[in-house]
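Participant: I'll drop the sequence and a predicted model, then ask my questions.
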Amino acid sequence: MSIDFSTPCGTLHLFAFADTHGAHRSLQIPPDTDIVVFAGDACNDGDEVQLRDFFEWFAGQPGQYKLFVPGNHDLPFELMPTEAKKRLPNGIAYIDKGEVLLDGIRFYVLPARPWLHEPALIPPNTDVLVTHGAPKGILDEGKWGCPLLKKAVVKAGPMIHLFGHLHEQGGQTVRVGDTDFYNVSCAK
């Protein structure tokens, strides 16, 4: 999903997606993309071949910055995180939890794969929040989102929240309060 992001220096083009489950090669990322964000589930059930192929493909995509956030199917990042991180090609930033500043945009990542297991704090100056799972009641089929995540998002009020996991509402956006929510799931 393409998203234009206005900064004091001009407009940046973000492309965000999730839930390719091994079908990443059918995806077309626009050539004018500045930042590419992947919000989880590159493979099915930790399939090493799919994951390796995803990283090879992802490294060759347009964009000065590429951000990888694991999902619940990207099992090596949960079961063997140190080993899994070693497999990342140069040029791909991996974040499980924390903040990164890319071209003046403040990204924050929470490990909601698909739910948080304890309350979380999102820095109030966050521009873009990235999680794999959805917040409760927002593009979550009305029932599958995380209540702890919703509470944290509502309190912090980031400009944008990118997530996937729930395939049926992929490609949809909604504005709640001051936040634009994007379900960037590609799977149907």
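Facilitator: It's in.

Participant: how about the strands in this structure?
Facilitator: With strands called from DSSP state E, the chain shows them at 2-7, 10-17, 35-38, 65-68, 92-94, 98-102, 105-109, 128-130, 160-163, 172-176, 179-183.

Participant: and the second one, how far from the chain's centre?
Facilitator: Translated: strand 10-17. Computed by Cα atoms, centre = their mean, to the nearest Å, the chain-centroid distance of strand 10-17 equals 13 Å.

Participant: What is that strand packed up against?
Facilitator: The contact analysis (3 or more Cβ pairs under 8 Å, 6 or more residues apart in numbering; DSSP states H and E) places strand 10-17 against strand 2-7, strand 35-38. (Each C-beta comes from the backbone N, C-alpha and C, glycine too.)

Participant: ok, of those, where does mean pLDDT dip lowest?
Facilitator: Mean pLDDT values for the helices and strands packed on strand 10-17 show the minimum at strand 2-7, a mean of 84.

Participant: what's in contact with that strand?
Facilitator: Strand 2-7 is contacted from outside by 11-16, 30, 33, 103-105, 127-128, 160, 182, using Cβ atoms under 8 Å, 6 or more residues apart in numbering.

Participant: what comes up buried for it?
Facilitator: Neighbour counts over strand 2-7 (16 or more other Cβ atoms under 10 Å) mark I3, F5 as buried.

Participant: Including distance to V154, could the helices and strands packed on strand 10-17 go into TSV?
Facilitator: What follows is the helices and strands packed on strand 10-17, written out as TSV (distance: least, Cβ to Cβ, whole Å):
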stretch	distance to V154
strand 2-7	21
strand 35-38	22
